Structures are given as C-alpha cells and as structure tokens.
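K.L.:
Got a sequence here, can you build the structure:
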Amino acid sequence: MPQLRSRLRAIGCLFASLAVTVASHTARADDEVVPKPNPYPISWELDFKHGMPKRVVVDTPDSSVPQAYWYLTYHVTNHTDREQNFLPQFDLLADNGQVTRADVNLPKRVFDIIQAREHNKYLVPITKAMGTLRIGDAEAVDSVAIWPEPEPRMGKFSIFVTGLSGEAVTLKPTDGKLVKVTNADELKDKAGLIFLRKTLQLNFFIRGDEVYPGEDEVNKDSETWIMR
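P.N.:
As a prediction, the model looks like this:
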C-alpha cells in the first residue's frame, strides 16, 4: 500500500507539472522538458502570505449529512509598478494523486462559517478578490481558497497557487519531448501547445490522522516555485 500511494502521488505530480494528459504525450518530466522558473523575477510578481490549511465541517442545505472542507486563508499585495489583473487558481494535490480545484460550486454557507471562524471582517470570497489589484498595502486583499475534503486521511498534500506572477513559458511536443516555443509564428497556431505559468507549490503533511481526521496538526513541509 505505501508503494502504491507513492506511485499515485508521483503520477499526480506529473499531471500537475505538465497540466496535460499523460496518455497524449510521451515526454519525460525532467529538467530537459519541464523548465524551472528563473531564480530572479523576470516579470511582475505579487506578494503572497498564507495561513496553514485548516479543516472545517459544515451543515449545508444541499446535503443531508455534514460535509468536510479544507481551506487556506491568504493575503495578497501588489508592490509592482502598475495595477495587475489578479486571477488566482488554487489546486490541491491529495496523497492519493487526486487534484481538486478550489472554490468550485461551493455553498455560500461554507465561506460564511470560515469567515466567522477566522474573525476577519475583511475576508472576501475569491469572486470578490479576483480582478484589478491596485498598488500598495492599503489595496491588499484577504481571501480564502476552499476545497471539499478529497479523502478522510490527508497524509501528505500539496497546494498549487497560480496567478501570482507574469512569468510563463510555452512548450510544444516534438519527437517525444517538450521543447520551448520561441518563434512568434509558431505561437499563432495554439493547437498542441502547452502553456505553463510560474506557480507557487506549498507542501504539507499530517502525522496520524487515522482515528480522528482533521484533528491532528498540519505541518508545513516545503515551499517552492515551479512551472505548471
């Protein structure tokens, strides 16, 4: 079982890194085909601070039984030299390899419960956080990413945050590999091209979790930038 869980997680990471269907390409996910972000910012980049992932159980009108959700609060500030279009995307990669997009068709009550629990009157749902982010600390936004619980025992999991940077790269499958596209003419035909953006990967783990799901401490593992 541990080996199977490890393999599933590896497959999930491959999906997250390439953002394409593995069956449609034979390229390997190594440094040759999956570029790394520039070590120094080469485009605009927003300041992003986040809390620890938390679990909450909510009674909703749409369900006869309480539903468990995980959420991540965050504070984003624009310290660049111009207004930026903030269109965040949050994906949770569970220990079983399942990738879940945040904030998809969630009951409003879930956000209301989280806002009351966090005691933050400035917390807004992602729909109100999205859009033009003006410059300066006074224009910063507090929001939250929310996911339905993917599995009762979370173990190790990762959260991918896209939309914090303007750095991006375009790849094209060629001879079983993915190569960078730099020719403007090639970019005109978008069929078959793969677009990757600089993405923040947050890794967490929970010790235990078998008997009382959601009650064990969430630990931060690592944090890194990737292209996804």
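K.L.:
Tell me where this structure has helices.
P.N.:
Secondary structure of the chain by DSSP state H: the helices cover 2-18, 108-118, 126-129, 184-188.
K.L.:
Quick check: mean pLDDT of the third one?
P.N.:
Yep, that's helix 126-129 we're talking about. The average of the pLDDT scores along helix 126-129 is 95.
K.L.:
Run the chain-centre distance for it.
P.N.:
In this view, helix 126-129 has its centroid 16 Å away from the chain centroid, taken as C-alpha atoms, centre = their mean, to the nearest Å.
K.L.:
Show me where the chain dips below the pLDDT cut-off.
P.N.:
For the chain, applying pLDDT under 70 flags the ranges 1-33, 183-190, 208-215.
K.L.:
mind listing the strands for it?
P.N.:
47-50, 54-58, 67-77, 84-86, 89-93, 99-101, 123-124, 131-133, 141-148, 156-162, 168-174, 177-180, 194-206, 218-227 (DSSP state E).
K.L.:
Quick check: can you name the pairing partners of the first one and their directions?
P.N.:
Looking back up the chat, that one is strand 47-50. Here strand 47-50 is paired, per DSSP bridges, with strand 67-77 (antiparallel).
K.L.:
buried residues in the partner strand?
P.N.:
Neighbour counts using 16 or more other C-beta atoms under 10 Å place 67-77 of strand 67-77 among the buried residues. Backbone N, C-alpha and C define where each C-beta goes, glycine included.
K.L.:
Rebuild the residues you listed as TSV, extending it with distance to Asp47.
P.N.:
Output for the buried residues of strand 67-77, formatted as TSV (distance: C-beta to C-beta, whole Å):
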residue	distance to Asp47
Gln67	33
Ala68	31
Tyr69	26
Trp70	24
Tyr71	21
Leu72	16
Thr73	15
Tyr74	11
His75	8
Val76	7
Thr77	4
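K.L.:
and which of these is nearest to Arg197?
P.N.:
Nearest to Arg197 among these is Val76, at 15.8 Å by C-beta to C-beta.
K.L.:
Surely that closest one is in contact with Phe48?
P.N.:
Yes: using C-beta atoms under 8 Å, Val76 is in contact with Phe48, at 5.3 Å.
K.L.:
hey, what's in contact with both of these two?
P.N.:
Leu164 (C-beta atoms under 8 Å, 6 or more residues apart in numbering).
K.L.:
can you tell me which residue is nearest the centre of the protein?
P.N.:
Phe160 (2.4 Å; C-alpha atoms, centre = their mean).
K.L.:
Could you give the bridge partners of that one?
P.N.:
Bridge pairing for Phe160 (DSSP bridges) gives the partners Asp91, Gln201.
K.L.:
what's the answer for the one 10 residues further on, then?
P.N.:
Taking DSSP bridges as the rule, Thr170 bridges to Phe195.
K.L.:
how near is Pro37 to Ala94?
P.N.:
Taking C-beta to C-beta, to the nearest Å as the criterion, Pro37 is separated from Ala94 by 24 Å.
K.L.:
Kindly apply the preceding question to Pro148 instead.
P.N.:
Counting by C-beta to C-beta, the gap between Pro148 and Ala94 amounts to 11 Å.
K.L.:
Pick out whichever of those two has more residues nearby.
P.N.:
Set side by side, Pro148 and Ala94 show unequal neighbour counts under other C-beta atoms under 10 Å, the larger going to Ala94 at 22 against 15.
K.L.:
so what's that one closest to, chain neighbours aside?
P.N.:
With C-beta to C-beta, 6 or more residues apart in numbering as the measure, Pro150 is the residue that lies nearest to Ala94, at 4.0 Å, once sequence neighbours are left out.
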